[in-house]
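Undergrad: sequence and predicted structure, then a few things I'm wondering about:
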Amino acid sequence: MDNLSYYIQQLLTGVSVGGQYALIAIGYTMVYGILRLINFAHGDIFMAAGFFMVYASASLPLYISIPLVLLLTVILGVSVERIAYKPLRQAPRMSIMISAIGVSYLLQNFATYYTGGLPRSYPTIPFISEIITIGTVTTSWITLLTPVLTLALVIGLVALIKYTKMGMAMRAVSKDFETAQLMGIKINNIISITFIIGSFLAGVGSILFFTKYPTVLPTIGAMPGLKAFVAAVFGGIGSIPGAVVGAFVIGICENIIKAMGYTTFSDAFTFVLLILVLIVRPSGLFGEKSTEKV
Amino acid sequence: MKKLLALVAVLAMALAICTACGDDNKTGGNADNQQGSGNKTITIGIYEPASGENGPGGKQEVLGVKYAHSLQPTVEINGETYDIKLQEVDNQSDTTKAVSAAQNLVAANVSVVLGSYGSGVAIAGGPYFEQAQIPAIGISCTNPQVTEGNDYYFRVCFLDPFQGTVMANFAKDEMKAETAFVITQLGDDYSAGLGTYFKQAFEGLGGTVLEAQFQTGETDFNAILTNVLNSDADVIFAPSSIQTAPLLIQQARQMGITMPILAGDTWENESIITNAGQYATEVYLSTFFDENDTSNPAASEFVTGFKAWLNADPQNLTNNGGGDGVAAVSALAFDAYNVAIEAIKSANSTVGADIRNALPGVDYTGVTGSITFNETGDANKDMAYVKTIDVENGNFKFLKTQSVGE
């Protein structure tokens, strides 16, 4: 037994799983930061992106179908916001959350109805699904690529929010919804942009996820969605670096627990972590202390 | 504007619901078409998953039942001809949703229930059928607890203690394995049960067993597989759902694990071959039936007829996983339907309790061999078919039959 390569292999898996959670977690955290809404349909948008790819790649070459899938995912994300959340903007927050749960079930059941509930096999994307051996560790390119791509996207996103006018507007809206509106920020546009970015990342996440686990099912979005949500809360909901750190922590810890043979507790760990964070530090690792607005 | 949008949304949803209903009528259409004949009807419930982790298997069982129904759509009771109506419910491969699916069948006043694929959902629904005095005939649910302590549950397949022993013998004799790595799904009665029986049998033969579990809905098996790679296991035994199989196979092969992967009857589903693709090498499983076995004329006739019936409707082909391979569970489902008809005939009644009392007396020779029931309601079967995946042709290849002397 080669101990070093064993640990490297386990760590790689954990980092890769964490990267996938991170891409979904950003969607949760951004929408929460701006709308104070937990978008429960986010995991299902991720699932829908998987199905788009299955159907698009059946008739189109990959260099067309990948951009097309990302575009369709963005359209789906924005239309969900327009149809299910926008009419409820003045309603109590609870109504809009329930609307989100409704959308989640609608998407799942529609996918079940349309696909007949059969698992679909995800197309193989050449190169990234190839297997490589480094020293004694055997893995696929996708495992290495996922965390790198995730970090690159996050750095780009943080720069966008920090240094562009649009990013400034987003920060303003997330600080104070009404005042931002009074200052002439078109909040509907900002919200749309938030959903565009969130859905785009969910689309990228789905390509990475399903290349690694190439079976698409209508309910597949639920568990990664839930884990990503926990990651977002752990890192401090509303904070993008927090969501990423949270996702990597959860991905790696889960994998260590499974490797030690305590699979029974791996999901329990995730949710115990959620409870502990909510008790000890409700604002999460990187979350801002909530100050009462007067 | 907002109201208009809401109206459009509502209309769209209403439309979606209507089309969904429309489809339901279509699927139950075989029975409905004959309603015009003016005959009385007797309803047979189909309790199967159409979605969830075992959806593809449930669909294959439903195909077997529908084919049997197309050959024998009526039954004589007391000299009167009754049309047989099939009532399908989807238990979604989920033990909590299975309960409401079972209650739906009870509410629909079915006389007999067929199914389910997956022992967990069969165990969950069983008490509701027993309480309503509706006999249920399990098609491929192999866990002993399905029929144990339930007077109304019968089944036409072999059991997991038998299947586990078969695969343990196969691993030991054919694969020359000394150490087996058993990977099972937490909280799944079928997976955990079969894993335990395999372990007992394999250890009884002098082998060593290592174990690992995974959560329901898990997609990443790399942690477990890394442990497999770093153990001295010669073979993997992974009884699990159709959804799990391709992911597990693919990740194992991608990690460079070349040892044989063994599993139970659930893995005989063509969607696994489609989804695992080139990685599905050295995969072995036990099952109930082999379409190329020509020793039984009833079986050959069934295979020819069933293939023609599948090919006549593209939707049937899709539900069968894409090809026209005859799954063992379809053959068993065909037998289960005919056993139900035999029982109805000999009971001469549409009342569930009467049919239940007739079932132990049924002696039916079907396509999967002769079917008689023992005291617990299990079919007396003592032969399993071991198959492997033929990657090049994308189908299952028969290896050998195996029976175990008690």
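TA: Great, that's in hand. Numbers count the residues shown, from 1 in each chain, chains lettered A, B, ... in the order given.
Undergrad: all strands for the stretch 51-200 of chain A, in order.
TA: For the stretch 51-200 of chain A, applying DSSP state E, counting those that start in this stretch gives strands covering A:120-121, A:131-134, A:137-140.
Undergrad: tally of neighbours for the residue of the stretch 151-294 of chain A found nearest chain B?
TA: Residue nearest to chain B within the stretch 151-294 of chain A (CB to the nearest CB): A:Lys258, separated by 3.6 Å. Using the backbone N, CA and C atoms, a C-beta is placed for each residue, glycine as well. For A:Lys258, the neighbour count with other CB atoms under 10 Å in any protein chain shown is 30.
Undergrad: point out the most buried one among the strands of the stretch 51-200 of chain A.
TA: Comparing the strands of the stretch 51-200 of chain A by mean neighbour count (mean count of other CB atoms under 10 Å in any protein chain shown), strand A:120-121 comes out on top with a mean of 20.
Undergrad: what does it contact?
TA: The contact list for strand A:120-121 (CB atoms under 8 Å, 6 or more residues apart in numbering or on different chains) reads A:Phe51, A:Val54, A:Pro214, A:Thr215, A:Val216, A:Leu217, B:Pro246, B:Ser271, B:Thr274, B:Asn275, B:Gly277.
Undergrad: taking these one by one, which sit in helices?
TA: A:Phe51, A:Val54, B:Pro246, B:Ser271, B:Thr274, B:Asn275 (DSSP state H).
Undergrad: buried subset of those, written for ChimeraX?
TA: Of those, the buried ones go into a single ChimeraX selection, burial set by 16 or more other CB atoms under 10 Å in any protein chain shown:
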select /A:51,54 /B:246,271,274,275
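Undergrad: out of the ones in helices among the contacts of strand A:120-121, which one sits closest to B:Leu194?
TA: B:Pro246 (18.8 Å; CB to CB).
Undergrad: residue of chain B closest to chain A, please.
TA: Taking CB to the nearest CB, chain B has B:Ser51 as its residue nearest chain A, at 2.9 Å.
Undergrad: hmm, which helix or strand of chain B has the shakiest average pLDDT?
TA: Using mean pLDDT, DSSP states H and E, helix B:29-33 stands out as the lowest-scoring helix or strand of chain B, at a mean of 41.
Undergrad: what is the neighbour count of the nearest residue to the residue of chain B closest to chain A once chain neighbours are set aside?
TA: Among residues not flanking B:Ser51 along the chain, A:Gly117 sits closest, at 2.9 Å (CB to CB, 6 or more residues apart in numbering or on different chains). Applying other CB under 10 Å, we find 23 other residues in the vicinity of A:Gly117.
Undergrad: leaving out sequence neighbours, find the closest residue to the residue of the stretch 151-294 of chain A closest to chain B.
TA: Closest to A:Lys258 by CB to CB, 6+ apart is B:Ala223, at 3.6 Å.
Undergrad: other SSEs contacting the host helix or strand of that neighbour?
TA: Assigning secondary structure by DSSP states H and E places B:Ala223 in helix B:222-229. Under the contact definition 3 or more CB pairs under 8 Å, 6 or more residues apart in numbering or on different chains; DSSP states H and E, helix B:222-229 sits against helix A:3-35, helix A:240-259, strand B:179-185, strand B:208-214, helix B:244-254.
Undergrad: got the CA coordinates for that helix in PDB?
TA: Extracted in PDB, the C-alpha atoms of helix B:222-229 (Å, rounded to 0.1, in the frame of the first residue of the first chain):
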ATOM      1  CA  ASN B 222     -14.000   7.500  -5.600                       C
ATOM      2  CA  ALA B 223     -13.500   7.400  -1.800                       C
ATOM      3  CA  ILE B 224     -14.700   3.800  -1.500                       C
ATOM      4  CA  LEU B 225     -12.900   2.800  -4.700                       C
ATOM      5  CA  THR B 226      -9.600   4.200  -3.500                       C
ATOM      6  CA  ASN B 227      -9.900   2.000  -0.500                       C
ATOM      7  CA  VAL B 228     -10.700  -1.000  -2.800                       C
ATOM      8  CA  LEU B 229      -7.600  -0.200  -4.800                       C
END
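Undergrad: quick one: contacts of that helix?
TA: Contacts of helix B:222-229 (CB under 8 Å, 6+ apart): A:6, A:9-10, A:13, A:255, A:258-259, A:261, A:263, B:181, B:183, B:212, B:214, B:236, B:248, B:251-252, B:255-257, B:259.
Undergrad: list buried residues within those.
TA: By 16+ other CB under 10 Å, the contacts of helix B:222-229 give A:6, A:9-10, A:13, A:255, A:258-259, A:263, B:181, B:183, B:212, B:214, B:236, B:248, B:251-252, B:255, B:257, B:259 as buried.
Undergrad: need the three-state assignment for the most centrally placed residue in chain B.
TA: Geometric centre of chain B, nearest residue: B:Tyr117, 3.3 Å, by CA atoms, centre = their mean. At B:Tyr117 the chain is in coil, as set by DSSP: H, G, I helix; E, B strand; the rest coil.
Undergrad: quick check: phi and psi at it.
TA: Per-residue torsions, B:Tyr117: phi -70, psi 130 (degrees, to the nearest 10).
Undergrad: I'd guessed it sits against B:Val146; true?
TA: No: B:Tyr117 is not in contact with B:Val146 according to CB atoms under 8 Å; the separation is 11.8 Å.
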